[in-house]
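Chemist: Build me a model from this:
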Amino acid sequence: MADRFVVSRVRSLPLLAGLTAQQVERVAEAFVVVRFAAGQTIFQQGQTTQGLMLIASGSATLLRGDQTIGTVSTGQYLNQAALYGAGVESATLRAAHDSIVLILTRAAFGNLLNDPALRAA
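Modeler: Below is the predicted model of the structure:
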């Protein structure tokens, strides 16, 4: 059974609109929960994309070089395109506050696409 905290955050993703509660729970089980301390790098500009990242709590700053180009905070997500193919991070994401990030890797997403319980969705 998926963690209630993870399910509550994952449920808000537009990608999952139309799924049943059981299907959302199944998808939530595929997310990896990672905690980042303030100042810690979540991903680095130039590295290969990992997958979709959902900020479950906290906030992070997007940097290109030393320049801040944006922020993401609780409930926001990024890198949805990374679920469909490898890419390169165009910026660095650094935790501005202690944060919990839910990550759905491309491999885990691929497994979900082949899950019979989700195929009807």
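
Chemist: So the residue nearest the centre of the chain: helix, strand or coil?
Modeler: In the chain, the C-alpha closest to the average C-alpha coordinate belongs to Met53, at a distance of 1.8 Å (C-alpha atoms, centre = their mean). State at Met53, reduced to three classes by DSSP: H, G, I helix; E, B strand; the rest coil: strand.

Chemist: Before we move on, what's the pLDDT of it?
Modeler: Confidence at Met53, expressed as pLDDT, is 96.

Chemist: oh, and call the first residue 42 from now on, that's how I've got it
Modeler: Yep, numbering from 42; the last one is Met94 now.

Chemist: Start from the N-terminal end of this structure and give the strands.
Modeler: 73-77, 82-84, 92-98, 100-105, 108-114, 118-119, 133-136, 140-146 (DSSP state E).

Chemist: The third one: partners in the sheet, and parallel or antiparallel?
Modeler: Strand 92-98 has the following strand partners under DSSP bridges: strand 118-119 (antiparallel), strand 140-146 (antiparallel).

Chemist: List the buried residues for it?
Modeler: The neighbour-count check on strand 92-98 (16 or more other C-beta atoms under 10 Å) flags Gly92, Leu93, Met94, Leu95, Ile96, Ala97, Ser98 as buried. All C-beta atoms are positioned from the backbone trio N, CA, C, and that covers glycine.

Chemist: picking up where we left off before, will you turn the strands of the chain into a markdown table that also has distance to Arg160?
Modeler: Formatted as a markdown table, the strands of the chain follow (distance: least, C-beta to C-beta, whole Å):
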| stretch | distance to Arg160 |
| --- | --- |
| strand 73-77 | 23 |
| strand 82-84 | 31 |
| strand 92-98 | 20 |
| strand 100-105 | 34 |
| strand 108-114 | 31 |
| strand 118-119 | 23 |
| strand 133-136 | 32 |
| strand 140-146 | 18 |
